[in-house]
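Trainee: what shape does this take:
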Amino acid sequence: MAHPAQLGFQDATSPIMEELLHFHDHTLMVVFLISTLVLYIISIMMSTKLTNTNTMDAQEVEMIWTILPAIIMIVIALPSLRILYLMDEVDNPHLTIKSIGHQWYWSYEFSDYFPLMFDSYMTPTNNLAPGQFRLLEVDNRMVIPMESPIRMLVSAEDVLHSWAVPSLGVKTDAIPGRLNQTTFLVTRPGVYYGQCSEICGANHSFMPIVIESVPTHTFETWSSLMQET
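Mentor: Coordinates of the predicted model:
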């Protein structure tokens, strides 16, 4: 999760989020170089007699500031399209989970190889255990096996919601009557927090998402206990 006074993104937990962080750094450097160049040209124009000559009207200058932005757009677009393709790719997921947004909580369905369905409500502040986070903890976490491709089917029962976990690089709209899907793979064990990212009503800020990534044998034990209860 984010830390107080943190600058930048959360640590990446999935390969997709790692790609997004690399793309962000790549694009930020391009923007920095463009800003530096523009500031340099403006400073030259203000401190010399460059504007009193025909330099700025030359054909060569026109070609440069037409071709150079096109090259910059290509440099930014190619890695962006690659990441979009990777985010949309569904390659033989090990587990499919359905998440349904309600006003104001999430429900989850595991139906691949065992029937399991439960609701996930935000834990009230007066019920929080030491070390738990206010407005982010839930009563039933979504437990998943680590290093396993997960396919999420996202929908809503009433209004628009958005299932988002920043450290996984996942953000998918939950639309009533429509089933959207996304995939992710968690590379290490841990607890990862997210929230609904669509303004869905008065309690919009009180429907958090908590994913707990565990080894496969721990996940099987958890699923057996959940079925018994």
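Trainee: give the contact list for the residue positioned nearest the centre of the chain.
Mentor: With distances taken as Cα atoms, centre = their mean, residue 169 lies nearest the centre of the chain, 2.8 Å away. Residue 169 makes contact with 12, 14, 16, 17, 19, 20, 87, 184, according to Cβ atoms under 8 Å, 6 or more residues apart in numbering. Yep, even glycine has a C-beta here, placed from its N, CA and C like the rest.
Trainee: now intersect these with the helices, please.
Mentor: Cross-referencing these against helices under DSSP state H gives 16, 17, 19, 20, 87.
Trainee: ok, so of the residues you listed, who is nearest residue 130?
Mentor: Closest approach between the ones in helices among the contacts of residue 169 and residue 130, by Cβ to Cβ: residue 17, at 29.1 Å.
Trainee: contacting residues around the closest one?
Mentor: With Cβ under 8 Å, 6+ apart, residue 17 has these contacts: 9, 166, 167, 168, 169.
Trainee: what's the pLDDT at it?
Mentor: At residue 17, the model reports a pLDDT of 90.
Trainee: flag the shaky bits of this structure, pLDDT-wise.
Mentor: For the chain, residues meeting the criterion pLDDT under 70 lie at 1-2, 48-58.
Trainee: per the record, what domains does it have?
Mentor: 15-88, 95-228 (automatic domain parsing).
Trainee: closest one to residue 3 among the ones you listed?
Mentor: Comparing those by Cβ to Cβ, domain 95-228 comes nearest, at 11.4 Å.
Trainee: the closest one: end-to-end distance?
Mentor: 20 Å (Cα to Cα, to the nearest Å).
Trainee: what about it, distance to the chain center?
Mentor: Per Cα atoms, centre = their mean, to the nearest Å, the displacement of domain 95-228 from the mean C-alpha position of its chain is 14 Å.
Trainee: can you check stretch 93-104 too?
Mentor: Distance, centroid of stretch 93-104 to centroid of chain: 16 Å (Cα atoms, centre = their mean).
Trainee: what are the boundaries of the strands in this structure?
Mentor: 95-102, 105-110, 116-120, 142-145, 150-156, 161-165, 170-174, 180-184, 190-196, 208-214 (DSSP state E).
Trainee: partners of the shortest one in the sheet?
Mentor: Within its sheet, strand 142-145 is paired with strand 208-214 (parallel), according to DSSP bridges.
Trainee: and residue 38, how far is that from residue 28?
Mentor: For residue 38, the distance to residue 28 equals 16 Å [Cβ to Cβ, to the nearest Å].
Trainee: swap that for residue 67, please
Mentor: With Cβ to Cβ as the criterion, residue 67 and residue 28 are 23 Å apart.
Trainee: and what of residue 22?
Mentor: From residue 22 to residue 28 the distance is 11 Å (Cβ to Cβ).
Trainee: more neighbours: these two, which one.
Mentor: Using other Cβ atoms under 10 Å as the criterion, residue 22 and residue 28 rank with residue 22 on top: 13 against 10.
Trainee: now the closest residue to residue 148 other than its chain neighbours: phi and psi?
Mentor: Leaving aside its sequence neighbours, residue 148 sits nearest to residue 94 (Cβ to Cβ, 6 or more residues apart in numbering; 4.2 Å). Backbone torsions for residue 94, taken as degrees, to the nearest 10, come to phi -80, psi -20.
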